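Student: Sharing a sequence plus its predicted fold:
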Amino acid sequence: MSEKIRVAVLGADGRMGTAVCEAVAGAADLELVARMGPGDDPGVLTPADADVAVDFTTPAATEANVHALLDAGLDVVVGTSGWTADAVERVRAHVEARPLAQGVLIAPNFALSAVLTMRFARQAAAYFESAEIIELHHPDKADAPSGTATATAQAMGAARAAAGLDAMPDATTTALDGARGADVAGVPVHSVRLRGLVAHQEVLLGNPGEQLTIRTDSFDRASFMPGVLLAVRRIGSRPGLTVGLEALLDL
Ligand SMILES: NC(=O)C1=CN([C@@H]2O[C@H](COP(=O)(O)OP(=O)(O)OC[C@H]3O[C@@H](n4cnc5c(N)ncnc54)[C@H](OP(=O)(O)O)[C@@H]3O)[C@@H](O)[C@H]2O)C=CC1
Ligand SMILES: O=C(O)C1=N[C@H](C(=O)O)C[C@H](O)C1
């Protein structure tokens, strides 16, 4: 058998980090070499210790982690949410300036059903007058809207703009703050936080007399693991920045 890919996990004691550590430890071709928490400096890692680092930390920490890991010489797989367009571009500039052929993947969602939801929502967006997103998550989630909903709305907004669609019909003149959701690229996004949920999203698209609903449900964090492991295995042969798991899937 060829050499194992050595994996460091940042946020290792978190909900996702714990699942990723278990998945990596259980994969015959991967080796879990580091479990890092908030007090640990990712800059101490070197290519002698690890090949790939996986970041499931917090929106406040993730960008600095990625820059430190790039300087350390590792490939990086990021699942943490909260990325702004500017932060993504700073990572792109950094990875492209590195002397080593390193790769970074930033994916808003590693579940196949969510990746397909994003793809179908983008495809459908140009054909409907109205579109709104409802994302539903466990109440321990730090950020709203979710990274997945934000990415979905941005892709739908871009598709609507490219198709020359007008603004969506909405006669609302008075509303309580938040009642119409957050405006992301012109698409209203509503965030629900409910005990018992994991990660769910509905995309509603409406035309006169018809509706299309696209829905993804992650009932368990196991749903994210095949995508994370695929990314860990592939990132070493994808220099530069990749955004979204879709780029790695043969859809
Ligand atoms: N892309 C995808 O498919 C998915 C993405 N996510 C995203 O992943 C992120 C993590 O989610 P989740 O696991 O539920 O969150 P958790 O809060 O359970 O886990 C985050 C972990 O990161 C730790 N942490 C905080 N700062 C640092 C740091 N600087 N270095 C290392 N570790 C740190 C936290 O420690 P402490 O608690 O002690 O502060 C905690 O253990 C979120 O942004 C979430 O949206 C989640 C699911 C799927
Ligand atoms: O915090 C979570 O749980 C999740 N976060 C990601 C997001 O913000 O989109 C992915 C998934 O929805 C689960």
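Tutor: Looks like it came in fine. Ligands and ions are numbered 1, 2, ... in the order given.

Student: gap between the residue of the stretch 151-251 of the chain found nearest ligand 1 and Ala151?
Tutor: When scored by C-beta to the nearest ligand atom, the stretch 151-251 of the chain has Phe224 as its residue closest to ligand 1, at 4.5 Å. Bear in mind the C-beta positions are built from the backbone N, C-alpha and C, glycine included. With distances taken as C-beta to C-beta, to the nearest Å, Phe224 is found 15 Å from Ala151.

Student: One more: Arg195?
Tutor: With distances taken as C-beta to C-beta, Arg195 is found 25 Å from Ala151.

Student: Phi first, then psi, for the residue at minimal distance from the centre of the chain.
Tutor: Nearest to the mean C-alpha position of the chain, by C-alpha atoms, centre = their mean, lies Pro108 at 1.0 Å. Pro108 has phi and psi values of phi -60, psi -30 when expressed as degrees, to the nearest 10.

Student: Could you pull up the contacting residues of it?
Tutor: Taking C-beta atoms under 8 Å, 6 or more residues apart in numbering, we find Pro108 in contact with 81, 83, 118, 146-148, 150-151, 244.

Student: of the residues you listed, closest to ligand 1?
Tutor: Ser81 (3.5 Å).

Student: pretty sure that closest one is touching Gly147, no?
Tutor: Yes: with contacts counted by C-beta atoms under 8 Å, Ser81 reaches Gly147, the gap being 3.1 Å.

Student: Which residue is it, in the stretch 101-250 of the chain, that comes closest to ligand 1?
Tutor: Residue nearest to ligand 1 within the stretch 101-250 of the chain: Phe110 (3.8 Å; C-beta to the nearest ligand atom).

Student: burial count for that residue?
Tutor: Neighbourhood size, Phe110 [other C-beta atoms under 10 Å]: 25.

Student: Just give the nearest non-adjacent residue to it, would you?
Tutor: Among residues not flanking Phe110 along the chain, Gly227 sits closest, at 3.1 Å (C-beta to C-beta, 6 or more residues apart in numbering).

Student: Count the neighbours of that neighbour for me.
Tutor: Other residues lying near Gly227 total 22 when counted by other C-beta under 10 Å.

Student: Pro188 too?
Tutor: Other residues close to Pro188 by other C-beta under 10 Å number 19.

Student: Tell me which residues touch Ala182, please.
Tutor: Shown in contact with Ala182 (C-beta under 8 Å, 6+ apart): 144-145, 188-191.

Student: at 6 Å what do you get?
Tutor: Taking C-beta atoms under 6 Å, 6 or more residues apart in numbering, we find Ala182 in contact with 145, 189.

Student: what does Pro145 give?
Tutor: Pro145 makes contact with 135, 182, 189, 191, according to C-beta under 6 Å, 6+ apart.

Student: Show the average pLDDT along the host helix or strand of Thr117.
Tutor: Thr117 belongs to helix 112-125 when elements are defined using DSSP states H and E. The pLDDT scores in helix 112-125 average 98.

Student: Get me the contact residues on this protein for ligand 1.
Tutor: Residues of the chain lying close to ligand 1 by C-beta under 6 Å from any ligand atom are 10-11, 13-17, 36-38, 56-59, 61, 79-81, 107-110, 147, 224.

Student: Now the chain against ligand 1: closest residue?
Tutor: Taking C-beta to the nearest ligand atom, the chain has Gly14 as its residue nearest ligand 1, at 2.0 Å.

Student: Nothing else from me, thank you.
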